[in-house]
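okay, sequence plus prediction incoming.
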Amino acid sequence: GENVEQHPSTLSVQEGDSAVIKCTYSDSASNYFPWYKQELGKRPQLIIDIRSNVGEKKDQRIAVTLNKTAKHFSLHITETQPEDSAVYFCAASNQGGSEKLVFGKGMKLTVNP
Amino acid sequence: EPEVTQTPSHQVTQMGQEVILRCVPISNHLYFYWYRQILGQKVEFLVSFYNNEISEKSEIFDDQFSVERPDGSNFTLKIRSTKLEDSAMYFCASSRDIGNQPQHFGDGTRLSIL
């Protein structure tokens, strides 16, 4: 079955810096890759997703890239702000097949003011 | 914006007891899920539910677990004979349909087994 690895597990940056979170997946049939942000005590919130028919997607300060050949995808956050501090989870699924999301372990991002 | 709602937010139960976790998916969503997250570990898939039946379940979802949509709005997860290792955060999620549809999560129920 699918296995998603995520790294680093923690990242601390200064406000205004960029942050990059990397994930790898194992199942070449996976075709949908969402990213969730989870603040302490709150629900995982979908912040961006990418499907396997595109290589990059951007939404304001957030961008995601996908390399299907290497089976890895990354989240890029530019001009980080203290409110970006949270745990970020990547996930993969084979939508149209299984639909279940297979998550990475999460990365705790701390943005220092 | 519509949200998935879960009750209770925290459930404390004695080992061996049965618990029912409740979820109200987003109203026009057709596909429902339960996930769990043991403290410090990954979010893990338990079960998906579509058209009033289980469409997929993980190896975690054994005979101890069951799901039900008792009416047009609620989606429940029942855990029988709870064990200490069932202690986790349980998340309900829903999506509008199958095939490239984002899953929206509730706030979760923290289940503590004593």
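All right, it came through fine. In this text the structure is predicted, and so the values were computed from the model without any measurement.

what is the burial count for residue 49?
In the absence of a named chain, this looks at chain A. 18 (other Cβ atoms under 10 Å in any protein chain shown). Backbone N, C-alpha and C define where each C-beta goes, glycine included.

hmm, I had chain B in mind actually
22.

is A:F33 in a bridge, and if so with what?
A:I50 (DSSP bridges).

so who does it touch?
A:23, A:25, A:49-52, A:64, A:66, A:73, A:90-92 (Cβ atoms under 8 Å, 6 or more residues apart in numbering or on different chains).

now for those: which two are most distant?
A:C23 and A:R51 (15.1 Å; Cβ to Cβ).

A:A63 contacts A:G55, correct?
No. Judged on Cβ atoms under 8 Å, A:A63 makes no contact with A:G55 at a distance of 11.0 Å.

next, the most centrally placed residue in chain B: secondary structure please.
Centrality entry for chain B: nearest residue to the mean C-alpha point is B:W34, 3.2 Å, by Cα atoms, centre = their mean. Secondary structure for B:W34, judged by DSSP: H, G, I helix; E, B strand; the rest coil, is strand.

per-residue pLDDT, it?
B:W34 is assigned a predicted lDDT (pLDDT) of 98.

repeat that for B:N100.
We note a pLDDT of 64 for B:N100 in this prediction.

could you do B:T5 as well?
96.

quick check: chain neighbours aside, which residue is closest to the residue nearest to the centre of chain B?
B:L46 (4.3 Å; Cβ to Cβ, 6 or more residues apart in numbering or on different chains).

the helix or strand encompassing that neighbour pairs with which strands?
B:L46 is part of strand B:43-50, with elements assigned from DSSP states H and E. Applying DSSP bridges to the sheet, strand B:43-50 is found paired with strand B:31-37 (antiparallel), strand B:53-57 (antiparallel).

so which residues make contact with the longest one?
This means strand B:31-37. By Cβ under 8 Å, 6+ apart, strand B:31-37 touches A:99-101, B:21, B:23, B:25, B:43-50, B:55, B:60, B:67, B:69, B:75, B:77, B:88-98, B:101, B:103, B:105, B:108.

and stretch A:86-100, does that touch chain B?
Yes. Judged by Cβ under 8 Å from any Cβ of the partner chain, stretch A:86-100 comes into contact with chain B through A:89, A:91, A:95-96, A:98-100.

how about the residues of chain B near chain A?
Residues of chain B lying near chain A (Cβ under 8 Å from any Cβ): B:4, B:31, B:33, B:35, B:41-45, B:48, B:55-56, B:58, B:91, B:95, B:98-108.

where exactly do the strands run in chain A?
Counting by DSSP state E, one finds strands in chain A at the ranges A:4-7, A:10-14, A:19-25, A:32-38, A:45-51, A:56-59, A:62-67, A:72-77, A:86-92, A:102-103, A:107-112.

can you add mean pLDDT and give these back as JSON lines?
Output for the strands of chain A, formatted as JSON lines (pLDDT from 0 to 100):
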{"stretch": "strand A:4-7", "mean pLDDT": "94"}
{"stretch": "strand A:10-14", "mean pLDDT": "96"}
{"stretch": "strand A:19-25", "mean pLDDT": "96"}
{"stretch": "strand A:32-38", "mean pLDDT": "95"}
{"stretch": "strand A:45-51", "mean pLDDT": "94"}
{"stretch": "strand A:56-59", "mean pLDDT": "94"}
{"stretch": "strand A:62-67", "mean pLDDT": "96"}
{"stretch": "strand A:72-77", "mean pLDDT": "96"}
{"stretch": "strand A:86-92", "mean pLDDT": "96"}
{"stretch": "strand A:102-103", "mean pLDDT": "95"}
{"stretch": "strand A:107-112", "mean pLDDT": "96"}
